[in-house]
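K.L.:
Predicted coordinates and the sequence they were generated for:
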Amino acid sequence: MWERTLQDLIRGLRANKKDEAKFIAQAVDEIRKEIKSKDMELKAGAALKLTYLEMLGYDMSWASFHVVEVMSSSKYHLKAVGYLAAIQSFGPDTDVLMLTTNLLKKDLTSSPNDIAISLNGLSHTVTPDLARDLSHDIVTMLSHSRPHIRKRAVIAVYKALVKYPEATPFALTRLKEKLEDQDPGVVAVTINVLCELVRKEPIEYLSLAPQLFRLMTTSSNNWMLIKLIKLFGFLSPYEPRLVRKLQPPITELISTTPAISLLYECVHTCIVGGMLRHASGDSLAELCVTKLATFLQDPDQNLKYIALLALAKIVPTHRDLVAQYQDMILSSVADQDFSIRLRALDLLSAMVTRDNLQSIVQQLLSYLVRPELSSLPAAAQSLVRNFTSSPPDGVGLSLAPTQVSSYRLLISERIIAMCSHDTYDNVVDFQWYLSVLLDLTYVASVEVGNQIKDQLVDVVARVRGVKRWAVELMTRLLRDDTFLANSREDGSCAEVLWAAAWICGDNNREIAEPQKLLPHLLQSNVSLLDPETIGVYIQAAVKLFGAWCMELSQDWNDGRVQDVKELVDTLVTRLSDFASHAEIEVQERAANAVQLLSFIRADLASFRQEETDSEPPPADATKHPAYPKSLLLVNPLFSTYELNPVNTAAQGSVPVPDSLDLDAWIVPPPRELSAPEKASDDAQSGEPSTSKKKVKSKAKGKGKGKEQGSKPATRQAVDARLNPTPSLESPEAAEVAEERIEREKRRAARLELHRDDPYYIADKSSSAPLTGDIDSIPVVRLDDMPPLSPSTVPQYPSLLRASSTTVSDSFIIDRDGEMPDGPRVPTPLEAPTPLAPQRYTDLTPQALPSFPAYVVDGEVPRTITPEPIKVKRAKKKGASTTKSKRAAAE
């Protein structure tokens, strides 16, 4: 009579908040004694307290068997406690569930109250075994006389079918009958259950379509209509006839219903059910878009979100209808809700066409423009804001949505993605697109420079007609000293300067006065850029200088020598600073450029001297041009081949030559040394040898055989190499000596290789390499060299700049790129390297000038390729020829 009830337990927990664990431990000890009692009331009270503690996170799995005992009570209020404890504590792995099968069967045939609590408990604790054993009993409860029992039975059938799908054919027939039930609650529960079952296997429930259609056209319950519409959304893709059947009633519901939830579900069903794909669905699609547009103007953010989601699904079939509300969608880009902004960007990306691309991009660019300084709060307003608790009108404390860096980055990336989609399929005016990329460079203020750089290079490479405009824009960017000075700031997009320098250098023919751009490429602030961009700057400067020299050669006069000399001196001075750069790539490019310019400077100096001392030019001016021939030195290095886009499958289309074995060793692995060889190597390197082997000599003579046999094998090999004598040894011994000599050669080569290796510690005490191998010294005979007689020198290809072509109104995009012409074996006269680009197929051959090439002092021209030098080895007289003896023996 002094046991604690559940109310006492709760009061005790509230009174012992500081020492709750100790109080609960005492309470659990009391519950362990109470739940073992034979008094069912006391046992049920203990189970109820355990259920409460289990809700607080304490384990009660140890009392599962006692819970089953309470479930088997004949009193309803005690049985309810037992089922409540089972629902709260039982799981799929509970062992005692197998003991409840007969108990549940008994309760399902008992009083309505027992049936109700047993169905509730079974819906929460059903397992595959229980579903298999009790599925027929549960389905039988669908025909119970009381509606609340039938509703619970429908839910229990669903839970049983989830665990045991094999009972679906039997249960589906009875569920179909419940669609005609007299109680609306039973029908609503059945439709909810069917909606969940159809989601998994729609084909099995197509036979229910007539009854569901009748309910949809006769019911006035909005929640049941929502479930019915959703059901047809699952079924209509598997039955095309349903699409035509559902269009009239769904159209009427969309037009008349005031319920927004039902309206959205109808629109969503039309989209996922395929009702808008055919010509008959155009009017329905227009109605859906109109209704969704009203959601965009609603102040409820949830309606805006679902409207943007639905419109994004309608765009693939009716893009023109959605484009009519472009302004509303663009206004959502600056919404305060971040999720709405993301959905708006997704919708804009999906609805882009050739007609609306420019307007959408321009509007997105306007969001990236920073507010003007006049819109910032004045000093007086700032003081007022500091002394007042609320900010004044017009002064916000938070940034605008479009001023957040992460969102600005997203907008910039979407602009590039929309324009470059499907290899610029939606871009009509590429001059406009290049201008957009340049504007994005200035207004983005986020790290999007690499994407803009790649786009600039790709567009210029693919679209020939836009090169002149691209060069004009990039020249303007390179001359912007402010942009270069701010290149170290975050979001400066300084990577675009890489593309600007590359485009101007590679398309130097489009620049009228390339020499005026050189000071901007080699100014001191260029050192602020990253090394990769500096290297491209240097390369572009050399290309532009070569193009300018080419122009001078066409219109040369004597007064330009000083101009060229001054420019060369300036370039050498500025490039010399980069020759000591920390990056090796910048060093190499600058050093190469300095050497080329130094050569040109020397030629210019000699040209002035020849001009003052020489006689008047001969009549044949083609052989002795009036300008320095070194002006044509730089441009051929970069203009011989044209750089074109390459097809992605080009590399895979190149066949593997028959003579190339990809599985063969390029450098064979070293041969494993035997034990005697290892001992010999150790002895020669000064390392202690674990075993010393002696080779017995088989030479004839008394006393000599013993003395020679006592020498180590290494000493014999050394004596044999230094004092070669006719061999009197057997073929086997001579063969061993030859192998040792070859090993000595390999070892000497290995030591020579490791001598300059800073990571290899050499043995300083090792002896000097042996020099007794006379056969290894090659003898070069120079008798067969061809005579050096002067003759006509080879002619150079024409390097004169062709006339610039006019830009056509229509742009041609090279979408595929170049492909290899096919496998062919290059002739010995051809000299292209594997990495050299292919010559463009539509280029006309260049004319050949007739003047001779420039010859540096001290260099004699040769026109005939000399024959290869023949190397002959001289045989030492008296040396042993082991190989010949071995061959003769064989």
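P.N.:
All right, it came through fine. Residues are numbered from 1 along each chain as shown.

K.L.:
Look up the closest residue to T648, ignoring the ones flanking it.
P.N.:
Distance criterion Cβ to Cβ, 6 or more residues apart in numbering; nearest residue to T648, sequence neighbours excluded, is G817 at 7.3 Å. Just so you know, the C-beta spots here come from the backbone N, C-alpha and C atoms, and that holds for glycine as well.

K.L.:
how close does that neighbour get to A461?
P.N.:
In this view, G817 and A461 are 9 Å apart by Cβ to Cβ, to the nearest Å.

K.L.:
Can you check which residues contact both of the two?
P.N.:
N644, P645 (Cβ atoms under 8 Å, 6 or more residues apart in numbering).

K.L.:
Look at the two and report which has more neighbours.
P.N.:
A461 (17 against 14; other Cβ atoms under 10 Å).

K.L.:
is it true that that one touches N644?
P.N.:
Yes - assessed by Cβ atoms under 8 Å, A461 is found in contact with N644 at 6.9 Å.

K.L.:
Count the residues that sit near the closest residue in space to V352 that isn't next to it in sequence.
P.N.:
Excluding the flanking residues, the one nearest V352 by Cβ to Cβ, 6+ apart is M418, at 4.9 Å. M418 is flanked by 20 other residues according to other Cβ under 10 Å.

K.L.:
Are there helices or strands packed against the helix or strand harbouring L231, and which ones?
P.N.:
Taking DSSP states H and E as the definition, L231 sits inside helix 222-235. In terms of contacts (3 or more Cβ pairs under 8 Å, 6 or more residues apart in numbering; DSSP states H and E), helix 222-235 is packed against helix 184-198, helix 209-218, helix 241-256, helix 260-272.

K.L.:
possible to save these as CSV with mean pLDDT?
P.N.:
As requested, the helices and strands packed on helix 222-235 are exported to CSV (pLDDT from 0 to 100):
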stretch, mean pLDDT
helix 184-198, 94
helix 209-218, 92
helix 241-256, 91
helix 260-272, 92
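
K.L.:
H278 is nearest to which of those helices?
P.N.:
helix 241-256 (7.5 Å; Cβ to Cβ).

K.L.:
and the closest one, what does it pack onto?
P.N.:
Packing partners of helix 241-256 (3+ Cβ pairs under 8 Å, 6+ apart): helix 209-218, helix 222-235, helix 260-272, helix 282-296.

K.L.:
What average pLDDT does the second one get?
P.N.:
When you say that, I think you mean helix 222-235. The average pLDDT within helix 222-235 is 93.

K.L.:
got the angle between that helix and helix 184-198?
P.N.:
Helix 222-235 and helix 184-198 are oriented at 30 degrees to each other (axes from the mean of the first three to the mean of the last three Cα atoms, to 10 degrees).

K.L.:
in helix 222-235, what's buried?
P.N.:
The neighbour-count check on helix 222-235 (16 or more other Cβ atoms under 10 Å) flags M224, L225, I226, K227, L228, I229, K230, L231, F232, G233, F234, L235 as buried.

K.L.:
cool, the third one as well?
P.N.:
By neighbour count with 16+ other Cβ under 10 Å, helix 260-272 contains the buried residues I260, L262, L263, Y264, E265, C266, V267, H268, T269, C270, I271.

K.L.:
Pull the residues that contact it.
P.N.:
Contact with helix 260-272 is made by 222, 225-226, 229-230, 232-233, 236-237, 246, 250, 253-254, 257, 275-276, 281, 284-285, 288, 291-292, 295, 303, 306, 310, 313-314, as judged by Cβ under 8 Å, 6+ apart.

K.L.:
what residues are shared contacts of A461 and N644?
P.N.:
D814.

K.L.:
any chance you could map the strands in the protein?
P.N.:
Counting by DSSP state E, residue ranges of the strands within the chain are 779-780, 871-872.

K.L.:
now the first one: mean pLDDT?
P.N.:
Per-residue pLDDT values over strand 779-780 give a mean of 48.

K.L.:
How about stretch 811-821?
P.N.:
Rounded mean pLDDT across stretch 811-821 is 78.

K.L.:
List the contacts of it.
P.N.:
Contact with stretch 811-821 is made by 423-424, 429-430, 461-466, 644-650, 653-654, 838, as judged by Cβ under 8 Å, 6+ apart.

K.L.:
quick one: which of these sit in helices?
P.N.:
Members of these lying in helices (criterion: DSSP state H): F430, A461, R462, A650, S653.

K.L.:
with the residues you listed in mind, which one is nearest to A131?
P.N.:
S653 (59.3 Å).

K.L.:
List the residues that contact that closest one.
P.N.:
For S653, the contact set (Cβ under 8 Å, 6+ apart) comprises N647, M819, P820.

K.L.:
Select only the buried ones of the residues you listed in ChimeraX?
P.N.:
Listed next is the ChimeraX selection for buried residues among these, using 16+ other Cβ under 10 Å:
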select :820
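
K.L.:
Let me have the contacts of S653 in CSV, adding distance to Y83 as columns.
P.N.:
CSV is the format used below for those (distance: Cβ to Cβ, whole Å):
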residue, distance to Y83
N647, 71
M819, 75
P820, 77
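
K.L.:
Any figure for the gap between S420 and L437?
P.N.:
Distance from S420 to L437, by Cβ to Cβ: 10 Å.

K.L.:
which one of these two has more residues nearby?
P.N.:
Legend: neighbour count by other Cβ under 10 Å for S420 and L437, higher for L437 (23 against 18).

K.L.:
Any idea which helix or strand in this protein has the lowest mean pLDDT?
P.N.:
Across the helices and strands of the chain, mean pLDDT, DSSP states H and E gives its lowest value to helix 704-709, namely a mean of 41.

K.L.:
Which parts of the stretch 401-550 of the chain are helices?
P.N.:
With helices called from DSSP state H, counting those that start in this stretch, the stretch 401-550 of the chain shows them at 405-420, 430-443, 449-462, 467-478, 481-485, 496-506, 518-521, 531-554.

K.L.:
Can you tell me which of those helices is most buried?
P.N.:
helix 496-506 (a mean of 26; mean count of other Cβ atoms under 10 Å).
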